[in-house]
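Asker: Provide a 3D model corresponding to the input given below.
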Amino acid sequence: MLVSLTVANRRSDRAETLREASGRLDALRITLRLGRRLGFVSNGGYADLAQGADEVGRMLGGWLKHEQGGAAAPASAPPPRRRPGGVRYTMRSPTIERYLRLKLEHPRAVVFLTAGAFCQTFVEDAIECGRVLRVAVRDLAAESESARISTCGIPKARLEKYLGLLRQAGREVHVE
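Answerer: As a prediction, this is how the structure comes out:
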């Protein structure tokens, strides 16, 4: 990827080389996820590397957009708040309402909802889990929502490990 970016910088027609670099960045992201899943990369290491890859991706995207005739975002512009696609929530979504109901019943606990092969938590619990467990926290608020709806999920297969880490940090946990 670094070679592709260096070569693109020296060419007058950079678009094809930048698209190649973008493909290599996608491959790097997949490799990082696989490395984390196989245990070669820790969650904290993955978070750091993924953050760097995201930053390179934003810069590469702006350069590609500029080369293709679109106006690139100024360097000081904040990154877009949300990515398109995926499940989006509003504060009135059944999942969020279920989480909030459980949070009222267990105000001191980190509350997880079971969703398929994952356990998911939201809002301040998600931010706390991101900090303590070093897992990715995403904003999944719908475009119509004025506030962030932070969320993170952990695989059910590793639930006991993560719950142990939360308990070691002095947190109560409730899983539904």
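Asker: please count neighbours and contacts with C-alpha atoms only from this point.
Answerer: OK.
Asker: just list whatever residues bridge to residue 121.
Answerer: Counting by DSSP bridges, residue 121 forms beta bridges with residue 152.
Asker: just give the number of residues close to it.
Answerer: 25 (other C-alpha atoms under 10 Å).
Asker: centre of the chain to the helix or strand hosting residue 5, how far?
Answerer: For residue 5, the host element (DSSP states H and E) is helix 2-10. Centre-to-centre, helix 2-10 and its host chain are 28 Å apart (C-alpha atoms, centre = their mean, to the nearest Å).
Asker: helices or strands next to the longest helix belonging to the chain in the packing?
Answerer: Longest helix of the chain, by residue count under DSSP state H: helix 43-67. Here helix 43-67 is seen to pack against helix 15-37 when contacts are counted using 3 or more C-alpha pairs under 8 Å, 6 or more residues apart in numbering; DSSP states H and E.
Asker: would you mind writing the CA trace of the helix it packs on as PDB?
Answerer: The C-alpha trace of helix 15-37 is given here as PDB (Å, rounded to 0.1, in the frame of the first residue of the first chain):
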ATOM      1  CA  ALA A  15      -6.600   7.600 -10.000                       C
ATOM      2  CA  GLU A  16      -5.800   4.000 -11.000                       C
ATOM      3  CA  THR A  17      -2.900   3.800  -8.500                       C
ATOM      4  CA  LEU A  18      -5.000   5.300  -5.800                       C
ATOM      5  CA  ARG A  19      -7.800   2.700  -6.400                       C
ATOM      6  CA  GLU A  20      -5.100   0.000  -6.100                       C
ATOM      7  CA  ALA A  21      -4.000   1.500  -2.800                       C
ATOM      8  CA  SER A  22      -7.600   1.600  -1.600                       C
ATOM      9  CA  GLY A  23      -7.900  -2.100  -2.500                       C
ATOM     10  CA  ARG A  24      -4.800  -2.900  -0.500                       C
ATOM     11  CA  LEU A  25      -6.100  -0.900   2.400                       C
ATOM     12  CA  ASP A  26      -9.300  -3.000   2.300                       C
ATOM     13  CA  ALA A  27      -7.100  -6.200   2.300                       C
ATOM     14  CA  LEU A  28      -5.100  -4.800   5.300                       C
ATOM     15  CA  ARG A  29      -8.300  -4.200   7.200                       C
ATOM     16  CA  ILE A  30      -9.500  -7.700   6.600                       C
ATOM     17  CA  THR A  31      -6.100  -9.100   7.600                       C
ATOM     18  CA  LEU A  32      -6.300  -7.100  10.800                       C
ATOM     19  CA  ARG A  33      -9.800  -8.400  11.700                       C
ATOM     20  CA  LEU A  34      -8.600 -12.000  10.900                       C
ATOM     21  CA  GLY A  35      -5.500 -11.500  13.000                       C
ATOM     22  CA  ARG A  36      -7.600 -10.300  15.900                       C
ATOM     23  CA  ARG A  37     -10.000 -13.200  15.500                       C
END
